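> no sequence for this one, just the structure:
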């Protein structure tokens, strides 16, 4: 289901597909507020040494856990270089686009909630805060996926 007027690149569609595959596979996480987590989009620098350069949007919810920014940079480095994930000229542009793409996921939150209701032991997730302290995914999640952030 695509939102009217929202055109996605193949890389952006991959973000939506990740969200949908999490639902289909039954791997939906639950934040501390009881909301579903399917992708937890993170915006990370393409070059980990350059904050002001291009940024990529990648899933932050990987293997049933919310991953740290450092982990995501290592996990997705090669795939970003291969053009598999969306890249934008800056973190600000990437954040804005993540919010737009997230609308599709907002429209499908009911499907993710249904998976959680069927689960006898839902996967409870927490998120990383800059500096390594853990905070609840609900502090960063909105509906079933995080809206873009330039810091994990």
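Received, thanks. None of these values were measured; they are calculated from a predicted model.

> So for this structure, the centremost residue is which one?
residue 41 (1.8 Å; Cα atoms, centre = their mean).

> roughly how far apart are that one and residue 49?
Distance of residue 41 to residue 49, computed by Cβ to Cβ, to the nearest Å: 22 Å. All C-beta atoms are positioned from the backbone trio N, CA, C, and that covers glycine.

> correct me, but residue 125 touches residue 28?
No. Here residue 125 does not reach residue 28: they are 9.8 Å apart, not a contact under Cβ atoms under 8 Å.

> out of these two, which sits in the busier spot?
residue 28 (27 against 21; other Cβ atoms under 10 Å).

> dump the residue contacts of that one.
The contact partners of residue 28, taken as Cβ atoms under 8 Å, 6 or more residues apart in numbering, are 22, 36, 37, 38, 112, 115, 116, 119, 122, 123, 144.

> Can you select the buried ones from those residues in ChimeraX?
A single ChimeraX command selects the buried members of the contacts of residue 28 (16 or more other Cβ atoms under 10 Å):
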select :22,36,37,38,112,115,116,122,144
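
> related to what we said a few turns ago, pLDDT score assigned to the residue nearest to the centre of the chain?
With respect to pLDDT, residue 41 has a value of 94.

> what separates it from residue 55, distance-wise?
Plainly put, residue 41 is 12 Å away from residue 55 if you go by Cβ to Cβ.

> Kindly report the same for residue 38.
In terms of Cβ to Cβ, residue 38 sits 21 Å off from residue 55.

> Lovely, talk soon.
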